[in-house]
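1. Coordinates for the following, if possible.
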Amino acid sequence: MLPERAAGPFGDRLVFVEWSEGSMDWSIPWSPGGGGAADPLVWHTDDPREAPEAIVEREPLSRFLLQFTLFGALLAAPYKAATFCMPVASLDGLWSSLRPVPLSPFLPTYTADRFFVAPGLLAVIGADEGEATACFGALHRGTLTPLLVHGFRWSRFDG
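-> So this is what the prediction gives:
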């Protein structure tokens, strides 16, 4: 998709990514004379063609692009593992091996997932007060194998 200009209830904007066959997009404010902010706010628009509902992302463009890249890397990983919904306490054994990526939650309106990393491993964990899910991506199958010791119920496991 090439960036395109769009108008909406919040003024002109430059749409730089569409997702899920156009059911949502992300954009930045577009000022006709140029001279916008160096690191502008990012607008997430749900259902942009029918009944647009836009929210401001928690991260400015530079940090949002890092989140989006991490999300894309997880989706593109050749080996993946994903858990079924589980109690948050089930994650306790993971925290010693994962390092948080210092960004706000990704897609806060939907899942508010947080990114974590370990050598050769990318993880995204979505949790509320009581339940959590975890997804992992790796370049090598063997990187996922140590996750078996946690006893999660897997909806997918390529390790």
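2. I'd guessed Glu18 sits against Met24; true?
-> Yes. Contact criterion C-beta atoms under 8 Å: Glu18 and Met24 qualify, at 7.4 Å. From N, CA and C alone the C-beta is placed, and that goes for glycine too.
3. of these two, who's got more company?
-> Set Glu18 next to Met24 and count neighbours by other C-beta atoms under 10 Å: Met24 wins out with 19 against 16.
4. Can you name the residues that contact the more buried one?
-> Taking C-beta atoms under 8 Å, 6 or more residues apart in numbering, we find Met24 in contact with Glu18, His44, Thr45, Asp46, Asp47, Pro48.
5. ditto for Arg99
-> Phe116, Val117, Ala118.
6. Name the nearest of the residues you listed relative to Gly137.
-> Of all the contacts of Arg99, the one sitting nearest Gly137 is Val117; the distance, using C-beta to C-beta, is 10.4 Å.
7. what helix or strand is the closest one on?
-> Per DSSP states H and E: Val117 is located in strand 114-118.
8. Identify the residues contacting that strand?
-> The contact list for strand 114-118 (C-beta under 8 Å, 6+ apart) reads 67, 70, 94, 97-101, 103, 105-106, 122-127.
9. Kind regards, and thank you for your time.
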